[in-house]
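**Student:** Model the structure of this input:
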Amino acid sequence: MSKVEIETPDDRWFRGERQLRPQDKQLCVVIFIDSGVRILQYRKDEKHGQQEILHSLSLPTYFTWNIVDRWKPLGLPADVNERVLSEINKWFEEDE
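**Tutor:** Numbering: from 1, shown residues only. Predicted structure coming up:
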């Protein structure tokens, strides 16, 4: 196992231009370059021709990572997070 040292900001917001990314299918709060704010799900998705996308939870919309100014994990309680992710997975199954 390799060990790495990572500095995280005290305010828990990560800059979009850094190489740090959420885990696949993780919910996160995103501040866009134009200052818009959304709760999105990060996905690695080859299906749509992009390596990394952000999936909107309110509309069937995808955003590319290059419009992200800052992000941080949403941090829902574990039981709520699992319930939300289960519902999102059902949406993706319906699309296939």
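**Student:** Asp10 and Lys72, how far apart?
**Tutor:** Using CB to CB, to the nearest Å, we find Asp10 at a distance of 12 Å from Lys72. Where you see a C-beta, it was placed from the backbone N, CA and C, and this is true even at glycine.
**Student:** more neighbours, these two?
**Tutor:** Neighbour tally, Asp10 and Lys72, criterion other CB atoms under 10 Å: the higher count belongs to Lys72, 16 against 6.
**Student:** Show me the shaky parts of this structure.
**Tutor:** 1, 5-9, 45-51, 60, 94-96 (pLDDT under 70).
**Student:** Need the residue closest to the centroid of it.
**Tutor:** Most central in the chain under CA atoms, centre = their mean is Tyr42, positioned 2.8 Å from the mean C-alpha point.
**Student:** so how far is Leu59 from it?
**Tutor:** 16 Å.
**Student:** Mind listing what's buried along stretch 22-37?
**Tutor:** Buried residues in stretch 22-37, counted by 16 or more other CB atoms under 10 Å: Pro22, Gln26, Leu27, Cys28, Val29, Val30, Ile31, Phe32.
**Student:** now do stretch 65-81
**Tutor:** Trp65, Val68, Asp69, Arg70, Trp71, Lys72, Leu74.
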